[in-house]
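Visitor: predicted model and sequence follow; I will ask about them next.
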Amino acid sequence: MAHGHGHGAGGCCCGAEREEPPERRGLAWGLYLRIDRERLQCLNERREGSGARVFRAWEERGDRSQFVESDDDEVELLFNIPFTGNVKLKGIIVMGEDDDTHPSEMRLFKNIPHMSFDDAAREPDQMFSLNRDLTGELEYPTKIARFSNVCHLSIHISKNFGAETTKIFYIGLRGEWTEAYRHEVTICNYEAAANPADHKIDQIMPETHFIS
């Protein structure tokens, strides 16, 4: 079992399998299925569309033909990840190469669509110092209270271990997903209602799908 400890704002990361049986581990990392692929962006990717391929099934994380690498002489990558609903994000895995191209710092931002590198200069919602992870075993736990209602996640890979470019093979996202359209219906109903008493929240409660 692999263990690692990140030093910095992110605290420690632990072997992702923990007490979970192997057959449940893939289910725990199923948030990639809830990404709006058509609007997913990766800034600074060398090959167009390659950033989207690192978000895939946990069982397929070892496919080293699928990766994203930053542009020449650029170490930063910025992923803009819109979800198809609201997400409670609980953990992240970042898997790289066994060399200095592996990311060494990750900064997370929630609900800022179409983020640019200029936008990423602001204070992140959470930051992690990353350890080298060649097998996709190290989970970095998020501050769940801060990431409990996320419709858009930005992942800023700001540093690596000293190489001229950064390479990532897999990013895993663990958490819960809730259908967004029911929230939107609730909001629209309240905005259009002449009498708010006519609209009770418990009649339009979202159905939560537990992925972990």
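Guide: Looks like it arrived, so ask away.
Visitor: distance of residue 49 from residue 73?
Guide: Distance of residue 49 to residue 73, computed by C-beta to C-beta, to the nearest Å: 21 Å. Bear in mind the C-beta positions are built from the backbone N, C-alpha and C, glycine included.
Visitor: repeat that for residue 108.
Guide: 25 Å.
Visitor: residue 89 now?
Guide: 32 Å.
Visitor: quick one, which of residue 108 and residue 73 is more surrounded?
Guide: residue 108 (23 against 7; other C-beta atoms under 10 Å).
Visitor: and the helix or strand that contains that one, how far out from the chain middle?
Guide: Following DSSP states H and E, one finds residue 108 within strand 103-110. Its chain's C-alpha centre and that of strand 103-110 lie 10 Å apart, by C-alpha atoms, centre = their mean, to the nearest Å.
Visitor: then stretch 33-52?
Guide: On the basis of C-alpha atoms, centre = their mean, stretch 33-52 is displaced by 12 Å from the centre of the chain it belongs to.
Visitor: now do stretch 165-184
Guide: 5 Å.
Visitor: buried residues, it. List them.
Guide: When burial is assessed from 16 or more other C-beta atoms under 10 Å, stretch 165-184 yields the following buried residues: 165-180, 183.
Visitor: check stretch 156-167 too.
Guide: Buried, per 16+ other C-beta under 10 Å, within stretch 156-167: 156-161, 165-167.
Visitor: dump the residues you listed into JSON lines; add distance to residue 132, pLDDT and secondary structure as well.
Guide: Listed next are the buried residues of stretch 156-167 as JSON lines, based on distance: C-beta to C-beta, whole Å; pLDDT from 0 to 100; DSSP: H, G, I helix; E, B strand; the rest coil:
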{"residue": "156", "distance to residue 132": "19", "pLDDT": "98", "secondary structure": "strand"}
{"residue": "157", "distance to residue 132": "14", "pLDDT": "98", "secondary structure": "strand"}
{"residue": "158", "distance to residue 132": "16", "pLDDT": "98", "secondary structure": "strand"}
{"residue": "159", "distance to residue 132": "13", "pLDDT": "97", "secondary structure": "strand"}
{"residue": "160", "distance to residue 132": "10", "pLDDT": "98", "secondary structure": "strand"}
{"residue": "161", "distance to residue 132": "7", "pLDDT": "98", "secondary structure": "coil"}
{"residue": "165", "distance to residue 132": "16", "pLDDT": "98", "secondary structure": "coil"}
{"residue": "166", "distance to residue 132": "13", "pLDDT": "98", "secondary structure": "coil"}
{"residue": "167", "distance to residue 132": "12", "pLDDT": "98", "secondary structure": "strand"}
